[in-house]
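Novice: Take a look and give me a structure for this.
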Amino acid sequence: MKGLRGFLIDLDGVLYVGDRPVDGAREAIEYLVQNNYRIRFVSNTTRKCRETIADRLSSMGFVIPIETIFTPPIAAVAFMNRAGKRRCRLLTTGDVYRDFEDACSSDPETRPDFVIIGDAGDKITYDSLNSAFRDIFDGAELIALEKDRYWMAPDGLSLSAGPFVAALEYATGKTATVVGKPSVAFFDLALEDMGLRRDQVAMIGDDIMTDIGGAQKAGMRGILVRTGKFREDSVTHSAIKPYCIIDSIARINDIV
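Specialist: Numbering: from 1, shown residues only. Next comes the predicted model:
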């Protein structure tokens, strides 16, 4: 792959499936590092801070520096830094708030510059949405960490952030800035963090729409793996055509 200097690598479905590393994944990462490729490990999770993600990867035997993990919260922080504003109101759950502690001032007595919403679970209430509505109506920008409609929870399909983002957009007449995959903003911020151009980076993922389609829309090459959520029929029936398809990330040395 001529001119390639870096990779964006999805986590779930590419490095591991469930709690088990993909065979050869750890060796593949070692190969890329030894050959001086710049890497960002990307995930769309909005419930876990990247320290928690790094700890989980470490428990599976991966040696991955925390600063190379790039998630929607990290993208949101980069977006705020670029704007030169840091007052924010978070509507999230889990420990993802830890990614904002050093970058975001959340004084409840001051009007925020940004309302940031992710998959907030039971934190979504009438009062929390109404407070977000008032902040946005008073001038705050709306940042969506993701805009998925639903996800598969342990007890079945559950609403994700998308329906609540759409509700705030409808009520305020404003459009959210989405900083998770497959938005171009997410990929652009990741590239900026890497210090590379889009033609120098390829995305490795298991999702034809979110990973490959998003990367291609951002001007990058997309490498699809046959692990995780990969389904042959989804590729056959999709208008999105990956740069190439490999059995797993373990085969990355065959194409670089």
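
Novice: Could you use CA atoms for every contact and neighbour count after this?
Specialist: Noted.

Novice: Let me see the ranges of the helices in the protein.
Specialist: Taking DSSP state H as the criterion, the chain contains helices spanning 25-34, 50-59, 72-83, 126-137, 162-172, 184-194, 214-217, 232-236.

Novice: So for Tyr97, which of the ones you listed sits nearest?
Specialist: helix 72-83 (8.5 Å; Cα to Cα).

Novice: other SSEs contacting the closest one?
Specialist: Counting by 3 or more Cα pairs under 8 Å, 6 or more residues apart in numbering; DSSP states H and E, the packing neighbours recorded for helix 72-83 are helix 184-194.

Novice: Now the helix it packs on: buried residues?
Specialist: Val184, Ala185, Phe186, Phe187, Asp188, Leu189, Ala190, Leu191, Met194 (16 or more other Cα atoms under 10 Å).

Novice: is it true that the fourth one touches Lys217?
Specialist: The reference is to Phe187. No: with contact defined as Cα atoms under 8 Å, Phe187 does not count as touching Lys217 (9.4 Å).

Novice: in the stretch 101-250 of the chain, what spans have low per-residue confidence?
Specialist: 106-108, 152 (pLDDT under 70).

Novice: for it, what spans make up the strands?
Specialist: For the stretch 101-250 of the chain, strands defined by DSSP state E, counting those that start in this stretch occupy the ranges 114-117, 141-144, 150-153, 156-159, 177-178, 201-205, 221-225, 244-246.

Novice: burial of the closest residue in space to Leu224 that isn't next to it in sequence, as a residue count?
Specialist: Using Cα to Cα, 6 or more residues apart in numbering and skipping the chain neighbours, the partner closest in space to Leu224 is Ile245 (4.7 Å). Counted by other Cα atoms under 10 Å, the residues lying close to Ile245 total 17.
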